[in-house]
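>>> What follows is a predicted protein model with its sequence.
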Amino acid sequence: MAPGAGTAESSTTARVVLLALAAGQFLMALDSSVMNVSIATVAEDVGTTVTGVQGAITAYTLVMAMFMIPGGKTGALIGRRRAFMTGCVIYGCGSLTTALAPNLPVLLLGWSFLEGIGAALILPAIVALVASNFATERRPAAYGLVAAAGAVAIAVGPLIGGVATTYFSWRWVFAGEVVMVLGILGLAGRITDAPVGQRPRIDLIGAVLSALGLGLFVYGVLRSAEWGWFQPKPDAPSGLGVSLVVWLMLAGLLLVWLFLRWEARMVERHREPLVDPGMLRDKQLTGGLTMFFFQYLVQMGVFFVVPLYLSVALGLSALQTGARILPLSVTLLAAAVLIPRLFPDVSPRRVVRLGTLALLAGAVVLMAALDVDAGAEIVSLPLLLIGLGMGALASQLGSVTVSAVPETQSAEVGGVQNAVTNLGASIGTALAGSIMIAALTASFLTSVEQNPAIPAEVKSHATVELQSDVPFLSDAQLESALAEAGTSTDVTRAALDANTDARIDGLRAALAILALTALLAMFFTSRIPATQPRSTAP
């Protein structure tokens, strides 16, 4: 499509291309949230445990993280459209395998491996294809819509999963993904591909180093809740008295450093690197990548905390929880679409700063509104603010990163960008979860210790149990557990009161760390350009 072409046909083609790319982004993000409300049902259906299904979700994230940078380079070698369509085919095969999975190994093959590989090809290609199909001045709107589609998928995922599991079967979600893939492939023929040029051999050593480095780091982050960030939990693996999480993250960072050194050596020898380290010296690119990291950290932290409050603290069903999160999608889409349309010449730096402030305000307002007597209505205003912030960031950051480099490097930028967002999402979920559990445990133990109605032996037992591990329990779950233990009415009442207060304290602590992260992000907004790009970098 010729940039800036004004015919009806080109306008129609642009809409079709945007629909295909946004649908691809929606599909990739949907898997991150759609089954979280149905883990127990999936586990029972395939004859495994809840831990087994959680492991499959973890493995999907891990595969994406490991292969995202090689996936971006693959698009540069074989063509972005071909990489996008190949990724869709692999992803569709994974969805079909998952829908038919009779046991956990088949589920891991389909959901974790095939879908993960497909996503690693699709996501970097989407970034590059927006660049090759839309003129520079139209890219903020295009990137905004594509990013908004992914965020909306995360927001409506629990609702879709809840409806499917409640009225049909979780398998229909993955069958529906196959249908979506077929639809995307049907639309993909209208996508204009950038010329590939020469096709050098892929840097295998760089691919291995990047995959192992990112994989070890993300795996360490994902295991932090189970093993502990620094102090190892009882029976958790450790080394020199420190949690294995620390060693995995350090090993990952070391391998990433070796990867960058190897890539610099490839450039010095005039060979084709997986990623040109010179790109990372660009202030605009690193500024955009940094803000992507913070956005996804806060975003996924919020999507972790809010559903817990609604479903566990308030006892709402999966459908009610999903419905309460939907308002976020309204302001997210409005900001992502309307900001580039109504203010095409607005300063990206100003929009990013205002968007980050909206994220901060949403987290602070929700933290202040949380109370043991509060209802579901308190999440509405904060989610509207958070959606506004996410949409504002989405409307600018994609264009900021891609316009910082020549269009021939857009696929590489796509790989790095999605690796960074994957890191941010993983750390955001793990950080919010660990802070919440730590605060919950401390609050519960303090309440128990200070309550004279609870016998000393019960306090001692609670201290030992909670210091090893503590779940985020609803009142009904705790009451059932206490009934099975045969506790007295007074002890049960005291424990329920302590649990109610502790849950709120844990949620507040998690929101506080997310608010602090949003505030920290403000210090990096100065790296975002103050003017809109009008031509691709030479």
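Arrived safely, thanks for sending. Residues are numbered from 1 along each chain as shown.
>>> Low-confidence ranges, the stretch 101-250 of the chain, go.
Within the stretch 101-250 of the chain, the stretches with pLDDT under 70 are 194-200.
>>> Where does the residue minimising distance to the centre of the chain fall, secondary structure wise?
Most central in the chain under Cα atoms, centre = their mean is Ala425, positioned 3.8 Å from the mean C-alpha point. Secondary-structure element containing Ala425, defined by DSSP states H and E: helix 410-450.
>>> swap in Glu226?
Secondary structure from DSSP H and E places Glu226 in helix 224-227.
>>> Buried residues, that helix. List them.
For helix 224-227, a neighbour-count test (16 or more other Cβ atoms under 10 Å) marks 224-225, 227 as buried. Where C-beta positions appear, they are placed from N, C-alpha and C, glycine not excepted.
>>> CA atoms of stretch 330-345 as CSV?
Below are the C-alpha coordinates for stretch 330-345, written out as CSV (Å, rounded to 0.1, in the frame of the first residue of the first chain):
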residue,chain,number,x,y,z
VAL,A,330,-13.7,1.8,27.0
THR,A,331,-11.2,4.5,27.9
LEU,A,332,-8.3,2.4,26.6
LEU,A,333,-9.8,2.1,23.1
ALA,A,334,-11.0,5.8,23.2
ALA,A,335,-7.5,7.0,24.0
ALA,A,336,-5.7,4.7,21.6
VAL,A,337,-8.0,5.7,18.7
LEU,A,338,-8.8,9.4,19.4
ILE,A,339,-5.5,10.8,20.5
PRO,A,340,-3.7,10.2,17.1
ARG,A,341,-6.9,11.2,15.2
LEU,A,342,-7.7,14.4,17.1
PHE,A,343,-4.2,15.5,18.0
PRO,A,344,-1.9,14.2,15.1
ASP,A,345,0.8,16.7,16.0
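>>> Surely Leu244 touches Gln231?
No - between Leu244 and Gln231 there is no contact under Cβ atoms under 8 Å: 11.8 Å.
>>> by contact count, what packs against the helix holding Glu226?
helix 244-268, helix 410-450 (3 or more Cβ pairs under 8 Å, 6 or more residues apart in numbering; DSSP states H and E).
>>> other SSEs contacting the shortest one?
Using 3+ Cβ pairs under 8 Å, 6+ apart as the contact definition, the elements that helix 244-268 packs against are helix 204-222, helix 224-227.
>>> just to revisit the earlier point, out of Leu244 and Gln231, which sits in the more crowded spot?
Neighbour count, other Cβ atoms under 10 Å: between Leu244 and Gln231, Leu244 has more, with 18 against 12.
>>> can you tell me which residues contact that one?
Going by Cβ atoms under 8 Å, 6 or more residues apart in numbering, Leu244 touches 220, 223, 227, 232, 236-238.
>>> Equivalent analysis for Gly287, please.
So Gly287 contacts 400, 524-529 (Cβ under 8 Å, 6+ apart).
>>> which among those residues end up buried?
Neighbour counting with 16+ other Cβ under 10 Å marks 400, 524-525, 527-529 as buried within the contacts of Gly287.
>>> contacting residues around the helix holding Glu226?
The contact list for helix 224-227 (Cβ under 8 Å, 6+ apart) reads 233, 236-238, 243-245, 430, 433-434, 437.
>>> Not counting the helix or strand following it itself, show me its contacts.
Toward the C-terminus, helix 224-227 is succeeded by strand 238-239 as the next helix or strand (DSSP H and E). Applying Cβ under 8 Å, 6+ apart, the contact partners of strand 238-239 are 227, 232, 244, 247.
>>> The protein: strands as residue ranges?
238-239, 242-243 (DSSP state E).
>>> can I get those in CSV with mean neighbour count?
Converted to CSV, the strands of the chain look like this (neighbours: other Cβ atoms under 10 Å):
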stretch, mean neighbour count
strand 238-239, 14
strand 242-243, 19
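>>> So which helix or strand of the chain has the lowest pLDDT on average?
None of the helices or strands of the chain scores lower by mean pLDDT, DSSP states H and E than helix 456-468, at a mean of 50.
>>> Against Thr98, how distant is Val173?
Distance, Val173 to Thr98, using Cβ to Cβ, to the nearest Å: 9 Å.
>>> So if I had to pick from the two, which one is more boxed in?
Thr98 (29 against 24).
>>> Name all residues that make contact with that one.
For Thr98, the contacting residues are 107, 110-111, 115, 171, 174, by Cβ under 8 Å, 6+ apart.
>>> Pick out the most distant pair among these.
Glu115 and Arg171 (14.5 Å; Cβ to Cβ).
>>> who's more crowded, the two?
Each of Glu115 and Arg171 has its neighbours counted (other Cβ under 10 Å); Glu115 has more, 29 against 17.
>>> So that one sits against Ala59, correct?
No - the pair Glu115 / Ala59 is not scored as a contact, 10.0 Å apart, by Cβ under 8 Å.
>>> since we're on Phe343, how many residues are nearby?
14.
>>> try the one 3 residues further on
Counted with other Cβ under 10 Å, residues neighbouring Val346 total 17.
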